[in-house]
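# sequence and predicted structure, then a few things I'm wondering about:
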Amino acid sequence: MNRPAPTLAERALRHQQAGEHVQAKVIWRHVAASEPGNAVARFHLGTLMGSLGEYAEAETWLAEAARLAPRVPEVLGNLGFMRQKLGRFDDAAECYRQALMLRPDLPLLHNNLGGALQELGRAEDALAAYRAADAAGADAAMAANLLTTLNLVPGTRAQFLAAARDWARRFADPLTPPRVAHTRGTRLRVGYVGAEGFCRHTLALTWLPLFEAHDAKRVDVFAYSDLPAEREDDVSHRFQALSTWRRSAGLDHEQLASLIRDDRIDVLVDGIGFAAGSRLLSFARRPAPVQVHFPPMSTTGMVAMDYVVGDDVLIPPEAGSDFSEKVWRLPCAFLYAPAAVLPPPGPPPAERNGYVTFGSFSRPAKISASTRAAWARILADLPTARLRIKSGSPLTDSAMAAIRDDIARPGVDPGRIDFRHRVPDAEHYRELLDIDIALDTFPHGGVLTTCDALITGVPVVTLMGSRVLERYGASLLQSAGFAEGVTSDVGQYVSRALALASEPARLTALRQTLSAAMRASPVCDARHFASTLEDAYDGMWQERAARPALA
């Protein structure tokens, strides 16, 4: 018996499932044009366009599908995701809420709601959404989002360790095999796992100068990049020239671990932690005999992660018990190089403006309610001052309004708060020169934003807490010889910012001295840092070699 010919929709789905996107797209568009009431065609076409990165067109088709089928959670969820990709986080959150009213048991919807709320600067609400995702059966990647969000709200090292160990117990530790015998050659084979960070990405500001300074006589460097080949840029090409380049995009965690084993890596370094694109589940399979987390962000809680690199400021001696890894201490545990040629510092803008401009270049997720309250106090106590907020991620109208309303509530004129959007690297450094004093966020402080400010001669006021991501400001300021910018409570943070603002001559002097001090600091001394880190890798290997093969 002859089977009936497949319908156009069936043909489109077959092409789509086979990865034949052009053919699928042509057929779905034909179906959508000829059948104005066909929500299914619009849903599949929107989903397909989203997978191709065409988020604006995808949103249009999915919005039509949602109009035609308003009670289908998959349609609402995908529509929310496209709006999230377009930076419309408030609209995305509303889509997720509507979908959750229909399917409260879907962890992905709770997870994506958490992501949208986080970008709106609502970390506590985001944490609640991630906890709901976890309760609904989140996978390892979704559960990791809960951990990254813990750093955005007040907490302790012990609390984070407990949460990390819980994640590791459920997702990572069951994958960890016993150690096996491993011998090394004359040079250590060091593998760096950077997900999609081997490009114009924040990780490159630390790892690129390290790669450039590594001693080829001591280490053989491998880079495992999840960046698709079509997205590799000039920074990627520099990494490629400095390493054995492995494209790992498309490999699952087991396949990546197998590739690393085949490369006979001696020391494997994770630079992502729990952040998006995390490869911790590859590390869980222990593809290398020595496994390290650097740059430090937190404990991973994993039995397979052997070391975390730290210093006495980022991880003070009493904090070692709050890490599942052994803390390997360096004199300075962070390295930085600017992303573009720096403009000359020049005088502080207060000289020409007649008022002080405070600034923050952190993303909205870090601008906590307590940070906003402190900034409100500063502006209230100094009525002539202004505040500039610029973010590397999209600033939606609702996010800007929420931040402005919180800061202006005590009677501060909202017109004194200025928002700027992301700009190219060279322009970013020029915009830094338009602020007099940088205000760090808390509890999650800045890292590269603090480095960027200091190297352009802009003083920073930071509030030091107990966890690693609450202490980078203190570490960086002390390295640059500006310990006076480090505070220990909100009252001191406010008074220190006001004191700096009251000293125009001091601000003028800092423009020159601070930039020079940062350039000369250990944070910017790539050659010495690389040598010290190579010594650390050797020491880690020696400790590993002294243990029984299966220990």
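Looks like it came in fine. Numbering: from 1, shown residues only.

# every contact and neighbour count from this point should use C-alpha atoms.
Fine.

# if I look at C524, how far off is D234?
21 Å (Cα to Cα, to the nearest Å).

# between the two, point out the one with more neighbours.
Using other Cα atoms under 10 Å as the criterion, C524 and D234 rank with C524 on top: 23 against 11.

# could I get the full set of helices for the stretch 201-350 of the chain?
Here the stretch 201-350 of the chain has its helices, by DSSP state H, counting those that start in this stretch, at 204-213, 234-241, 253-262, 280-283, 350-353.

# reformat these as CSV; add mean pLDDT and distance to R372.
Shown next, in CSV, are those (pLDDT from 0 to 100; distance: least, Cα to Cα, whole Å):
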stretch, mean pLDDT, distance to R372
helix 204-213, 97, 28
helix 234-241, 97, 35
helix 253-262, 98, 40
helix 280-283, 98, 34
helix 350-353, 96, 23
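
# winner for burial among these?
Burial of the helices of the stretch 201-350 of the chain is given as mean neighbour count (mean count of other Cα atoms under 10 Å); helix 280-283 ranks first at a mean of 25.

# mind checking how far that one is from the chain centre?
Distance of helix 280-283 from the chain centroid (Cα atoms, centre = their mean, to the nearest Å) equals 18 Å.

# for it, packing partners?
With contacts defined as 3 or more Cα pairs under 8 Å, 6 or more residues apart in numbering; DSSP states H and E, helix 280-283 has these neighbours: helix 253-262.

# how near is the spatially closest residue to S362 that is not a sequence neighbour to Y96?
Of all residues not flanking S362 in the chain, S391 sits nearest, at 5.4 Å (Cα to Cα, 6 or more residues apart in numbering). Distance of S391 to Y96, computed by Cα to Cα: 24 Å.

# looking at these two, which is more packed in?
Ranked by neighbour count (other Cα under 10 Å), S391 and Y96 place Y96 first, with 28 against 18.

# please, which helix or strand holds the more buried one?
Assigned by DSSP states H and E, Y96 belongs to helix 89-102.

# next SSE downstream of that helix?
With secondary structure assigned by DSSP H and E, helix 89-102 is succeeded by helix 107-119.

# can you check what angle separates that next one from helix 89-102?
Using axes from the mean of the first three to the mean of the last three Cα atoms, to 10 degrees, the direction of helix 107-119 lies 150 degrees away from that of helix 89-102.

# contacting residues around helix 107-119?
77, 81, 84, 89-90, 92-93, 96-97, 99-100, 123, 125-130, 132-138, 142, 145, 149, 363-365, 399 (Cα atoms under 8 Å, 6 or more residues apart in numbering).

# next one: it to chain centre, how far?
Worked out by Cα atoms, centre = their mean, helix 107-119 lies 16 Å from the chain centre.

# do the same with stretch 542-549
34 Å.

# quick check, pLDDT for T396.
T396 is assigned 76 on the pLDDT scale.

# what does L550 give?
Predicted confidence (pLDDT) for L550: 44.

# how far does stretch 153-163 sit from its chain's centre?
Distance of stretch 153-163 from its chain centroid, counting by Cα atoms, centre = their mean, is 19 Å.

# returning to what we had before: P364 is in contact with the residue nearest to S362, correct?
Yes - with contact defined as Cα atoms under 8 Å, S391 counts as touching P364 (7.0 Å).

# ok, longest helix in this protein?
helix 526-545 (DSSP state H).

# quick check: the gap between the residue nearest to S362 and Y537.
S391 is 36 Å from Y537, by Cα to Cα.

# A168 too?
Distance of A168 to Y537, computed by Cα to Cα: 24 Å.

# repeat that for A483.
30 Å.

# more crowded one of those two?
Set A483 next to Y537 and count neighbours by other Cα under 10 Å: Y537 wins out with 22 against 17.

# once you drop chain neighbours, what's closest to the more buried one?
Using Cα to Cα, 6+ apart and skipping the chain neighbours, the partner closest in space to Y537 is V267 (7.0 Å).

# so the one you found touches V193, yeah?
No - taking Cα under 8 Å as the definition, V267 is not a contact partner of V193, at 10.9 Å.

# so which of the two has more stuff around it?
V193 (28 against 22).

# hey, which helix or strand in this structure has the poorest pLDDT?
The least trusted helix or strand in the chain, going by mean pLDDT, DSSP states H and E, turns out to be helix 8-17, with a mean of 85.

# which residues sit against that one?
21, 23-25, 27-28, 31, 41, 48.
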